[in-house]
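Student: just to be clear, the model below is a prediction. Sequence and coordinates:
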Amino acid sequence: RYTALHDKVWEGVLKRMSKSNIRNFTIYYHRETNTLFSHFEWIGHWNSPEPLTQKEQDAFFRADMASIASDKLTRVWWKECE
């Protein structure tokens, strides 16, 4: 079931991830250890008119992750994937 769900991720979940600057999200399953690994690229706020400090980038990252975590549809998706 988990694999079938992830073969067809809900469009709204993908849109939320894109709005939060996530690209190339991948999940790997290591059968021998029964462990899931995930990887994604966060492109950040690259179009900012001024270069951002590390502290500003960290704040934007946390805000983007919080936006995903608080998204109603994403939370339903996570529940489906449990």
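Tutor: Received the coordinates, thanks.

Student: give me the element L36 is part of.
Tutor: strand 35-42 (DSSP states H and E).

Student: one more: L5?
Tutor: Going by DSSP H and E, L5 is in helix 2-7.

Student: which residues in this protein form helices?
Tutor: Shown for the chain, the helices assigned by DSSP state H span residues 2-7, 11-19, 54-70, 72-81.

Student: which one of those helices lies closest to I27?
Tutor: Closest of those to I27 is helix 2-7, at 6.4 Å (criterion: CB to CB). C-beta coordinates here come from the backbone N, C-alpha and C atoms, glycine included.

Student: re earlier: now do the buried residues in the strand holding L36.
Tutor: W42 (16 or more other CB atoms under 10 Å).

Student: can you tell me what sits against it?
Tutor: Contact with strand 35-42 is made by 17, 21-30, 61, 64, as judged by CB atoms under 8 Å, 6 or more residues apart in numbering.

Student: tell me which entries of these lie within strands.
Tutor: Among the contacts of strand 35-42, DSSP state E puts I22, R23, N24, F25, T26, I27, Y28, Y29, H30 in strands.

Student: taking those residues together, which two end up most distant?
Tutor: R23 and H30 (23.2 Å).

Student: thinking again about what came up before, so what strands line up beside the strand holding L36?
Tutor: Here strand 35-42 is paired, per DSSP bridges, with strand 22-30 (antiparallel).

Student: centre of the chain versus the strand it pairs with, how much separation?
Tutor: 9 Å (CA atoms, centre = their mean, to the nearest Å).

Student: low-confidence ranges in this protein?
Tutor: Along the chain, the model assigns pLDDT under 70 to no residue.

Student: can you dump the C-alpha atoms of stretch 2-11 in CSV for me?
Tutor: What follows is stretch 2-11, C-alpha atoms only, in CSV (Å, rounded to 0.1, in the frame of the first residue of the first chain):
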residue,chain,number,x,y,z
TYR,A,2,2.8,2.4,0.9
THR,A,3,4.5,2.0,-2.4
ALA,A,4,1.3,2.2,-4.4
LEU,A,5,0.5,5.5,-2.6
HIS,A,6,3.9,7.0,-3.4
ASP,A,7,3.6,5.9,-7.0
LYS,A,8,0.8,8.4,-7.3
VAL,A,9,1.4,11.2,-4.8
TRP,A,10,-1.6,13.5,-4.5
GLU,A,11,-1.2,16.7,-6.6
